[in-house]
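> got a sequence here, can you build the structure:
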Amino acid sequence: MKSKRLQPVIKIAQNREDDAALVLNEYRKVIDQQEAKLIELRQYHAEYTQRLNDSGRNGLNIAQINDYRCFIARLAVAVKQQEVQLASCEVELTEKYDAWMLTRMRHQALGKVVDRYQAQEHQESEKREQAESDERAQHMGSNRHTNIE
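A predicted model of the protein is given here:
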């Protein structure tokens, strides 16, 4: 039976699909973390920019203003770096999604092959049973003719 011989192959394909799904889900968590970090950095940048504006009205000396500006500039650089990091992670996520989708399609294709084999095997089994039934009926019919004579 071809369908039974393919069961180990189907199991391997299922395991590969499951593994790829796990990797994809784990990487989605990485993306979530990267996005959260970017949001946090942007919030810090906005907060410190606002503090500089508010403190400027309250009278900061030049050294304090320069310190704020340097810190805000470092935050701006960190935001840009995080945006690049997130973009890189999103490319990686797309690759992991594509890998998962490929394993999924292979698994489904194998499943369809097994389904076709099972349908064929079922039809062959029904034909055999019908032939055996016809043969028994014919044999019983010929026995009746023999017993009557």
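> against which helices or strands is the longest helix seen in the chain packed?
Within the chain, and with DSSP state H defining each element, the longest helix by residue count is helix 62-148. If contacts are counted by 3 or more Cβ pairs under 8 Å, 6 or more residues apart in numbering; DSSP states H and E, helix 62-148 sits against helix 2-5, helix 7-58. The C-beta positions use only the backbone N, C-alpha and C, and glycine is treated the same way.
> flag the shaky bits of the protein, pLDDT-wise.
56, 141-149 (pLDDT under 70).
> now do the most centrally placed residue in it against Met101, distance only.
With distances taken as Cα atoms, centre = their mean, Ala21 lies nearest the centre of the chain, 3.9 Å away. For Ala21, the distance to Met101 equals 10 Å [Cβ to Cβ, to the nearest Å].
> Glu126 too?
Glu126 sits 37 Å away from Met101, going by Cβ to Cβ.
> give me the more crowded residue out of these two.
It is Met101, of Glu126 and Met101, that has more neighbours when counted by other Cβ atoms under 10 Å, with 13 against 10.
> now do the contacts for that one.
Listed by Cβ atoms under 8 Å, 6 or more residues apart in numbering, the contact set of Met101 is empty.
> what count of nearby residues applies to Lys127?
Around Lys127 there are 10 residues (other Cβ under 10 Å).
> one more: Val114?
18.
> what does Gln34 give?
Other residues close to Gln34 by other Cβ under 10 Å number 19.
> can you offset everything so residue one is 25?
All right, first residue 25 from here; so that's Gln58.
> does it touch Ser112 like I think?
No - taking Cβ atoms under 8 Å as the definition, Gln58 is not a contact partner of Ser112, at 9.0 Å.
> how far away from the center of its chain is the longest helix of the chain?
Its chain's C-alpha centre and that of helix 86-172 lie 9 Å apart, by Cα atoms, centre = their mean, to the nearest Å.
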